[in-house]
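>>> Just to be clear, the model below is a prediction. Sequence and coordinates:
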Amino acid sequence: MIRLLHIIAISALIASAGYAYSVKYETLYYVEQVAKLKSQVSREREAIAVLQAEWQYLDRPDRLQDAADKHLDLQALKIQQLARLSDLPNRPSREDEIGRKLEALGLLEPTSTPKDRNSDARTPTTQTPKR
């Protein structure tokens, strides 16, 4: 009987040790994965910083002006192309399209709701309590 208990205890000890090692190695695996992801994030941030610097370099006003002069063949601005604010047409008035449709259907007139027959009986009154 004692031998059986010893065998069970040794088996449980071996099983628990195996489980502890599996947890340890799984934890080490996930630590490595986190380290890889952190390094990947830092590389991506550096790449974003490089791309932003390149964009700022390409978006310089003097470079854009040279490219526009070279490729767009723009003409000089003439005084006849300028307009005064008074020359612009007035903004059209905003109309209520839904309201116009309801008015055309005759649905904008006030309606009379049927009166409740028992409305007088239900009128609340305040009374002082009698003592």
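Done, it's in. Numbers count the residues shown, from 1 in each chain.
>>> any weak-confidence spans in the chain?
Scanning the chain with the threshold set as pLDDT under 70 gives 111, 113-131.
>>> how about the helices in this structure?
Under the criterion DSSP state H, the chain contains helices at 2-58, 61-71, 97-105.
>>> quick one: which of those helices is nearest Leu85?
Across these, Leu85 has its closest neighbour in helix 61-71 (27.4 Å, Cβ to Cβ). Quick note: C-beta positions are derived from backbone N, CA and C, even for glycine.
>>> Now do that closest one against helix 2-58, angle only.
Computed by axes from the mean of the first three to the mean of the last three Cα atoms, to 10 degrees, the angle separating helix 61-71 from helix 2-58 equals 60 degrees.
>>> which outside residues touch helix 61-71?
By Cβ atoms under 8 Å, 6 or more residues apart in numbering, the list of residues contacting helix 61-71 from outside reads Tyr57, Leu74.
>>> now could you export just the CA positions of it as CSV?
Written as CSV, here are the backbone C-alpha positions of helix 61-71 (Å, rounded to 0.1, in the frame of the first residue of the first chain):
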residue,chain,number,x,y,z
PRO,A,61,7.2,75.9,-51.3
ASP,A,62,10.2,76.7,-53.5
ARG,A,63,10.3,73.2,-54.9
LEU,A,64,6.6,73.2,-55.6
GLN,A,65,6.9,76.6,-57.3
ASP,A,66,9.7,75.3,-59.5
ALA,A,67,7.7,72.2,-60.4
ALA,A,68,4.6,74.3,-61.2
ASP,A,69,6.6,76.6,-63.4
LYS,A,70,8.2,73.7,-65.2
HIS,A,71,5.2,71.4,-65.7
